[in-house]
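*Asks:* just coords:
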């Protein structure tokens, strides 16, 4: 019985952490997941000769789309921009 229970708990654990680290709509890092990864990379870069870049994306006009066309359209806009830039 214990042998069957542990894989289910591990799978649930992984699902919870995935939902915490990634945005459900875009599948990109969530704010907290991205910041956690950034802290990890910054710490790792201190000990070696390593550089990395950060890119933040702002979707212009999102508020107007949400206000005038609805949040479903805003979500579609975010999803499109996260895939195609």
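*Replies:* In hand now; what should we look at? Here the structure is a predicted model, which means the values were calculated and not measured. Numbering: from 1, shown residues only.
*Asks:* switch to C-alpha atoms for all contacts and neighbour counts from now on
*Replies:* Noted.
*Asks:* confidence score at residue 2?
*Replies:* Residue 2 is assigned 52 on the pLDDT scale.
*Asks:* what do you get for residue 85?
*Replies:* Reported pLDDT for residue 85: 69.
*Asks:* what's the helix or strand bottoming out on mean pLDDT in the chain packed up against?
*Replies:* Among the helical and strand segments of the chain, the one scoring lowest on mean pLDDT, DSSP states H and E is helix 2-21, with a mean of 80. Packing contacts for helix 2-21, counted by 3 or more Cα pairs under 8 Å, 6 or more residues apart in numbering; DSSP states H and E, involve helix 31-47.
*Asks:* After the helix it packs on, which helix or strand is next? Please name it.
*Replies:* On the C-terminal side of helix 31-47, the nearest following helix or strand under DSSP states H and E is helix 62-69.
*Asks:* and that following helix, what's its mean pLDDT?
*Replies:* The pLDDT scores in helix 62-69 average 93.
*Asks:* contacts for that helix?
*Replies:* For helix 62-69, contacts defined as Cα atoms under 8 Å, 6 or more residues apart in numbering pick out 71, 72, 73, 74, 77.
*Asks:* For that helix, buried residues please.
*Replies:* Judged by neighbour count using 16 or more other Cα atoms under 10 Å, the buried positions of helix 62-69 are 62, 65.
*Asks:* Next secondary structure element downstream of that helix?
*Replies:* Once helix 62-69 ends, the next helix or strand along the chain (criterion: DSSP H and E) is helix 71-84.
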